[in-house]
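Trainee: Got a predicted model here, sequence first, then my questions.
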Amino acid sequence: MNSVIHMTQTARNSDRCPRCAKGAMLTDGSTGEMFCNTCGFVATERVEEEGPEWRSFSKEEGENRTRTGTPTSLAMHDMGLATIIGQADKDASGKPLTSSMKSTIERLRTWDSRSQVHEPVDRNFRQAFSELDRLKDKLALSDAVIEKTAYIYRKALDKGLVRGRSIPGLVAAALYAACRNTETPRTLTDVATGINIKRKDVARCYRLLLRELDLKMPVVDPIKGVARIASIADLSEKTKRKALEFLKEASRIEVSAGKDPMGLAAAALYLACVMLGENKTQKDIAQAAGVTEVTIRNRYKGLKEALKL
């Protein structure tokens, strides 16, 4: 279908046949030949391809029709720079391979894929980044957070921090550090639950990364957590805006310093619910925020007194 479209476009723009002077010159997109549509005279055997250089190896990529390969990424064990033997069973001129050559190429493909991961470091990266890919979907994280996580994990591996420690634990710690660094509202409990290991193990690895890699983490702003808690608890937009007002005022009079950000955000939302008459219990908001009801009660009391409500 594509070659037919290509032929008609060429026919409009090209000159008449040099032999019969009657027919228009057509270009076959698949073979690269330029020929007359009346007498069949072939003027040029190889015409340079002027279309985009589709580069696809797998069936999915073929349907996707990307112009070039995937961009380089720190979250791939080879950074996306490795080459592979394509799936098309054709030679350079486009002719199909013989059955014996097909089996040889298939065997080469297998060995090529096996030889991609031969160093222990590569195997480590492959395992770590497969865990990271799983976490990305579970916690709904952006590519920027994943790239930052991969960068922190690579630094940890270079320093030899992975030896003798669990890979999932360090991946989770690097992810939590990346979330803190990019101000993405994900708690330590969220990350630990997502990767299915104990919270204290993730916390231990996180402290190790902070100490050994000398990471500087920004203070978490409770305002960042309001939208997430409100979404999970199914609160109205009006309540959310009121809670943001309370938190901004609390930050201005400096009563939010040293408090757990998620607890403070949850308390501000509960206070807004009480003020606006929205029917939500402390338990509902505590479950959405991942904090205890006691924390919400304490922060709620503190906010109410500080804001003189």
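Mentor: Alright, I've got the coordinates. Numbering: from 1, shown residues only.
Trainee: ok, and for the helix ranked longest in the chain, which residues are buried?
Mentor: What stands out as the longest helix in the chain, according to DSSP state H, is helix 120-139. Neighbour-count burial for helix 120-139 flags 124-125, 128-129, 131-132, 135-136, 139 (criterion: 16 or more other CB atoms under 10 Å). (Glycine included, C-beta is placed from N, CA and C.)
Trainee: And the strands in the protein?
Mentor: Taking DSSP state E as the criterion, the chain carries its strands at 25-27, 34-36, 42-44.
Trainee: what's the second one packed up against?
Mentor: Helices and strands touching strand 34-36, as assessed by 3 or more CB pairs under 8 Å, 6 or more residues apart in numbering; DSSP states H and E, comprise strand 25-27, strand 42-44.
Trainee: Show residues contacting it.
Mentor: Contacts to strand 34-36, defined as CB atoms under 8 Å, 6 or more residues apart in numbering, come from residues 10, 14, 17, 19-20, 23-28, 41-44, 47.
Trainee: how about the strands of the chain in a markdown table, adding mean neighbour count and distance to residue 266?
Mentor: Shown next, in a markdown table, are these (neighbours: other CB atoms under 10 Å; distance: least, CB to CB, whole Å):
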| stretch | mean neighbour count | distance to residue 266 |
| --- | --- | --- |
| strand 25-27 | 21 | 67 |
| strand 34-36 | 20 | 71 |
| strand 42-44 | 14 | 73 |
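Trainee: So which of the ones you listed is nearest residue 228?
Mentor: Evaluated over those, closeness to residue 228 peaks at strand 25-27, with 56.4 Å, by CB to CB.
Trainee: helices or strands next to the closest one in the packing?
Mentor: In terms of contacts (3+ CB pairs under 8 Å, 6+ apart), strand 25-27 is packed against helix 2-13, strand 34-36.
Trainee: ok, residue 144 touching residue 183?
Mentor: No: judged on CB atoms under 8 Å, residue 144 makes no contact with residue 183 at a distance of 10.9 Å.
Trainee: Show me the shaky parts of the stretch 1-150 of the chain.
Mentor: Applying pLDDT under 70 to the stretch 1-150 of the chain flags the ranges 1-15, 29-32, 45-70, 78, 80-82, 116-118.
Trainee: again, only this time at 90
Mentor: Along the stretch 1-150 of the chain, the parts satisfying pLDDT under 90 run over 1-103, 105-145.
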